[in-house]
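> need a 3D model of the sequence below.
(chains A and B)
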Amino acid sequence: MNRLQPLNDRSIMQEEVTENVKNSFQRLIPLCFSLLLLCLSCIPFKITFFDYARSAVGLVCVYYWLIHRPDIFNLFSVYLLGLVADILSAVPLGTNIFTYLILYILLLNLGRFFNGKPFVVTWYGFAILSLITLFCKWLMVSIYYSQFLPFAQILFGYLFVVAAYPILSLLNAFVQNYLIQDEV
Amino acid sequence: MKRRRSLFIHLSYIRILAKKFAIIILFLSAFVLMLLNKTENVLVEKTSSLATDMVSPIVDVLVVPARFVAGIYDYFGEIKEVYKDNQQLREENRRLLNMYDRMKVLEVENKLLANLLNYEIPPEAQYITSRIIAEEGDAFSHSVIAYIGESEDIKKGQVVLSDRGLVGRIDSVGHMYAKILLLTDINSRIPVMVEKTRVRGILAGDNTSSPKMIFIPLDAEIKVGDRIVTSGVAGVFPSGLPVGRVLSVDKKNVIIKPYADLDGLEYVRIVNYGLKGMIDDE
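The predicted structure follows:
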């Protein structure tokens, strides 16, 4: 009986290691999925209006995961997502990082008001916070280029960003459900 | 023992501080990145190109199934247009054959005259055709990423054309991918002229789909529908490349509609005209 003891210990340890590795990977799922969506949004489609909804992808992902799972989508995830968005676009390096960090700070203080609330409330919340965030981005880029970017264009884009929220949050909700099922 | 304990306390204190100020540090890093970008530092440019090279293959893989789905949709949409297109192409072919005959005559004539004047013919442009794998166009920037393979001839500043006209210029070059700045981007400034009247100006992008022509003489005569081509000033773009046509003219602005369909780019030609200018700035 005693001989079997070390073997059991080893198998328990192995299970623990496997569990830990699995958990670590699961914690990366929101970030990986957000990065995947970001890359997908860059695929060229011959749809003019699709251009306007592009900037929604990063914002929605940051907003969604910071509200629903701030424990696994942290500050560094936000930074990395911003960095990749900067690399894929022609905006000055650091612009999207700055934008997503502003959203992070806003949610750090206001996130609790939207967590666990009906979908419409979170949508309204996104509409308000993304407006502030996009305004900050517009201001930042305008200062960078020493000229104001067309504001009407930003507002037009903002409407698409808000309109894209339900679809993009639905995609993220699928991943969140998968995570919850796995954790249970 | 005491020393080790104090070291541990120091480390944990630093860690708490770092956590506390992580947001500030990351904000500062974003600002530093923007500042470095503003100075057009070579190191930042190289790092940016390297990063593009690392991220672009992921998009490249995703493009294939997405294009397939989009292709099916386009296929059914285009079937309706086939008959009309066929008629148009027959007409265009007839017209092009006439032009080809005329061109052949002019080519011989041109050669004879060049020989008479002892004119040195410039080298022919070299180009590679490249596939667009990612595009990005919103109110903040307009650019695309193209797959260039392992071509070593592509350099920053080279001209990018579509089948209809000028698209933009190469912004940064990585090992396999290049970022192209579209002529509608706020950073884009292209010396252009009105083909008929030879009035010169600068085509300035403003992140909308229709860039403006600026720095035009006050007495310049520009009409809606005029053809705009590159002027060749500054030596980055050769003269005569088709850019677009005048969409509207008022007291403040001359708006240009680009010939190239910048929303639906699939393949582009990256052309090396052997010109210097900003290409040698590297």
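> which helix or strand lies directly C-terminal to the longest helix along chain B?
For chain B, the helix with the greatest residue count under DSSP state H is helix B:42-79. For helix B:42-79, the following helix or strand on the C-terminal side (DSSP states H and E) is helix B:82-117.
> rewinding a little: buried ones in the longest helix of chain B?
The neighbour-count check on helix B:42-79 (16 or more other CB atoms under 10 Å in any protein chain shown) flags B:44-45, B:48-49, B:51-53, B:55-56, B:58-60, B:62-63, B:67, B:70 as buried. Heads up, the C-betas are built off the backbone N, CA and C, glycines and all.
> of these, which is the nearest to B:Glu266?
Closest approach between those and B:Glu266, by CB to CB: B:Arg67, at 8.6 Å.
> which non-adjacent residue is nearest the closest one?
Sequence neighbours aside, A:Ile43 is the residue nearest to B:Arg67 in space, at 7.8 Å (criterion: CB to CB, 6 or more residues apart in numbering or on different chains).
> just give the number of residues close to that neighbour.
20 (other CB atoms under 10 Å in any protein chain shown).
> so it, which of the three states?
Here A:Ile43 is coil, with the state taken from DSSP: H, G, I helix; E, B strand; the rest coil.
> any bit of stretch A:26-40 sitting next to chain B?
Yes - contact of stretch A:26-40 with chain B (CB under 8 Å from any CB of the partner chain) involves A:36, A:39-40.
> check which helix or strand covers B:Met269.
Careful, residue B:269 is Arg; it's not Met. Residue-wise, B:Arg269 maps onto strand B:267-272 under DSSP H and E.
> equivalent analysis for A:Tyr63, please.
If you go by DSSP H and E, A:Tyr63 is part of helix A:50-68.
> and the residue in the stretch 151-282 of chain B that chain A sits nearest to, how far from B:Ser141?
Using CB to the nearest CB, B:Gly264 is the residue of the stretch 151-282 of chain B that sits closest to chain A, at 4.0 Å. Distance from B:Gly264 to B:Ser141, counting by CB to CB, to the nearest Å: 18 Å.
> what's the answer for A:Leu155, then?
17 Å.
> neighbour-wise, which of the two wins?
In terms of neighbours (other CB under 10 Å), B:Ser141 is the more surrounded of A:Leu155 and B:Ser141; the figures are 23 against 14.
> how about the contacts made by that one?
Contact partners of B:Ser141, counting by CB atoms under 8 Å, 6 or more residues apart in numbering or on different chains, are A:89-91, B:185-186, B:207.
> what about 7 Å?
Contact analysis of B:Ser141 by CB atoms under 7 Å, 6 or more residues apart in numbering or on different chains lists A:89-91, B:185, B:207.
> if I look at B:Glu109, how far off is B:Asn118?
In terms of CB to CB, B:Glu109 sits 17 Å off from B:Asn118.
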